[in-house]
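S.K.: could you work out the structure for the sequence below:
(one chain, ligands or ions: 1)
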Amino acid sequence: MYRGEMEDIKSIINSVRWNEIRDEAVEILRALIRIDTTNPPGNERPAAEYLKKYFSDYEIDSYIVESEQSRASIIADLENGRKEKPLILLSHLDVVPADPKQWSVHPFSAEVKNGYIWGRGTIDCKGLAVVEAVAMTLVKRLKIPLRRPVKFISVADEEMGGEKGAGYIVREENIDGYCVINEGGTGAILGDKKVYLPCFGEKGPIWLKIKAKGRSGHASMPIEDNPNLILLRALYKITSSGLGKKFVENFVRSVKFYLAKDIKPLEPVLSIVEKSEFLKTTIGNILYNILKRKPKLAAMLSNTVSVTMIKSGYKENVIPEEAEAILDIRILPGYDYYEVVEKLKKIVNDQRVSFEIISAYEPSESDPSSDVLKKIKDSVKLVYDYPFVPIISTGFTDSRFFRKKGIQSFGLLPFFLTEEEISTMHGVDERISIENMEIGTKLMLSTILNLCL
Ligand SMILES: [Zn+2]
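M.R.: Residues are numbered from 1 along each chain as shown. Reported below is the predicted structural model:
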């Protein structure tokens with residue numbers, strides 16, 4: 001981007017009456033929160049219709065796609081008559097359940113209190129949908145001619161795997177795009193520092209059932225092939241295996257791209273590391289040991305295993321015939337879940353133990369050193385100049401459906417959230433500050449202009 005273009009975009013952003021736009025965004029968000037789209041069952045149709053009406057108020061074409069009755073997603077197009085691939089602004093309409101008894105306000109009342117809008121979905125993900133929609137209508141209202149079209153997609157079913165939302169749309173609507181901006185990463189307030197943590201890749205989850213078969217008998221006569229012991233041994237082998245100690249290659253690439261410019265001596269060192277499997281593994285192991293005390297960071301850099309359920313036995317004095325455990329395994333991009341499970345079988349190396357994949361999604365990633373992410377970086381830094389550090393997310397989003405189609409996808413909630421605010425997503429008292437609704441719309445407008453002008 002030239003200096004002149006940056007100045008143009010800055011002056012467009014400064015020309016907006018942000019007080020009014022902020023209030024508009026807040027009202028739309030409150031309306032959407034009051035539409036209960038808890039998934040299951042989802043019932044996203046009224047939310048999709050609400051947004052359809054909003055777009056039509058600004059003469060932006062949109063349509064609703066239903067994968068099943070009432071499982072609705074909405075697609076809106078800001079066209080310019082050109083054939084270029086659109087910038088896709090993605091979000092989802094469904095929310096996870098919320099128990100009103102645990103909340104300090106009703107999760108679907110959208111109360112405004114202490115500078116916040118409270119309610120299930122305010123951050124995840126209706127807040128994002130709103131700032132995307134408002135920024136899009138702003139472009140139309142300001143009559144800015146874009147070189148690249150913009151496509152708004154807000155889908156059903158993200159919280160239950162996305163097959164009835166993004167998965168369905170990517171398949172049935174034959175979506176193509178220049179890039180996708182979605183949830184995943186976020187702007188964060190860590191201590192007293194603000195930082196952008198955009199997400200360029202996501203780990204893939206494997207839910208694995210491990211079953212140990214042994215011999216049942218009376219507990220007064222212990223036997224070696226007690227299935228509980230077989231299972232415990234297997235779990236010990238798995239959780240103490242090297243599965244979690246691989247260093248992520250893309251992390252090196254990303255650090256090289258984003259930090260090497262500022263820290264010059266880093267670049268040649270990273271280039272050497274990149275070429276050597278030995279160095280990557282060694283440094284990976286060292287880092288992993290350092291990061292052990294920082295489990296959140298360690299989880300972003302390594303494959304992880306958590307034992308989540310153990311089931312066995314039915315009486316105090318009876319050795320049961322079998323015992324089973326469920327594992328939640330998260331693998332980094334570059335790994336194949338089938339191969340990882342095969343590796344675990346070898347590690348356990350016991351015929352009495354069987355493995356069953358309950359469900360698994362492949363990890364996915366886009367190039368962290370791509371021009372697109374660089375443009376996103378320029379866009380957000382133009383409005384608020386804070387460090388921009390691309391990360392791998394330990395969770396998964398709908399981005400994977402688009403990545404699979406070859407569309408680069410990046411996750412960045414355009415808000416600055418404290419760790420406490422982040423923890424309310426899928427938790428109690430989810431809320432977003434009114435200020436963040438303005439910040440989000442500004443960042444989104446800047447991103448649209450930077451990528452599409
Ligand atoms: Zn979400």
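
S.K.: distance check, Ser399 against the ion.
M.R.: Noted for Ser399: a distance of 11 Å to the ion, by C-beta to the ion, to the nearest Å. All C-beta spots, glycine's among them, are computed from the backbone N, C-alpha and C.

S.K.: sorry, slip of the keys, the one I care about is Lys404.
M.R.: 18 Å.

S.K.: count the residues that sit near the nearest residue to that residue once chain neighbours are set aside.
M.R.: Once its chain neighbours are removed from consideration, Lys404 has its nearest residue in Ser364; the separation is 6.9 Å (C-beta to C-beta, 6 or more residues apart in numbering). Close neighbours of Ser364, defined as other C-beta atoms under 10 Å, add up to 20.

S.K.: can the strand or helix carrying Leu413 be found next to the ion?
M.R.: Leu413 is part of strand 408-418 when elements are defined by DSSP states H and E. No: in this structure, strand 408-418 remains apart from the ion according to C-beta under 5 Å from the ion; the gap is never smaller than 9.3 Å.

S.K.: convert the C-alpha atoms of that strand to PDB, please.
M.R.: Below are the C-alpha coordinates for strand 408-418, written out as PDB (Å, rounded to 0.1, in the frame of the first residue of the first chain):
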ATOM      1  CA  GLN A 408      -6.900 -18.600   2.500                       C
ATOM      2  CA  SER A 409      -8.600 -18.100   5.800                       C
ATOM      3  CA  PHE A 410      -7.600 -16.000   8.800                       C
ATOM      4  CA  GLY A 411      -9.200 -15.700  12.200                       C
ATOM      5  CA  LEU A 412      -9.200 -12.300  13.800                       C
ATOM      6  CA  LEU A 413     -11.900 -11.000  16.100                       C
ATOM      7  CA  PRO A 414     -11.500  -7.200  15.600                       C
ATOM      8  CA  PHE A 415     -11.900  -6.400  19.300                       C
ATOM      9  CA  PHE A 416      -9.500  -6.000  22.200                       C
ATOM     10  CA  LEU A 417     -10.500  -8.500  24.800                       C
ATOM     11  CA  THR A 418      -9.000  -9.100  28.200                       C
END
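
S.K.: what is the mean pLDDT for that strand?
M.R.: Averaged across strand 408-418, the pLDDT comes to 97.

S.K.: hmm, the helix or strand that that strand is followed by in reach of the ion?
M.R.: For strand 408-418, the following helix or strand on the C-terminal side (DSSP H and E) is helix 419-423. No: contact of helix 419-423 with the ion (C-beta under 5 Å from the ion) is absent, the minimum separation being 12.1 Å.

S.K.: check which residues of helix 419-423 are buried.
M.R.: Counting neighbours by 16 or more other C-beta atoms under 10 Å, one finds that the buried residues in helix 419-423 are 421-422.

S.K.: which neighbouring elements make contact with that helix?
M.R.: For helix 419-423, the contact count by 3 or more C-beta pairs under 8 Å, 6 or more residues apart in numbering; DSSP states H and E identifies strand 179-190, strand 431-433 as packing neighbours.

S.K.: which helix or strand lies directly C-terminal to the last one?
M.R.: Read that as strand 431-433. Next along the chain after strand 431-433, taking DSSP H and E as the criterion, comes helix 434-452.

S.K.: mind listing the helices for the stretch 201-350 of the chain?
M.R.: 227-239, 249-259, 266-275, 277-291, 295-301, 337-348 (DSSP state H, counting those that start in this stretch).

S.K.: and the longest one, how far out from the chain middle?
M.R.: Centroid separation for helix 277-291 versus its chain: 26 Å, with C-alpha atoms, centre = their mean, to the nearest Å.

S.K.: what's the closest non-adjacent residue to the closest residue to the ion within the stretch 351-453 of the chain?
M.R.: Shortest the stretch 351-453 of the chain-to-the ion distance, computed as C-beta to the ion: residue-wise this is Thr397, at 6.3 Å. If you skip the residues right next to it in sequence, Thr397 has Gly184 as its closest partner in space, 5.0 Å away by C-beta to C-beta, 6+ apart.

S.K.: since that was my last question, I'll sign off now.
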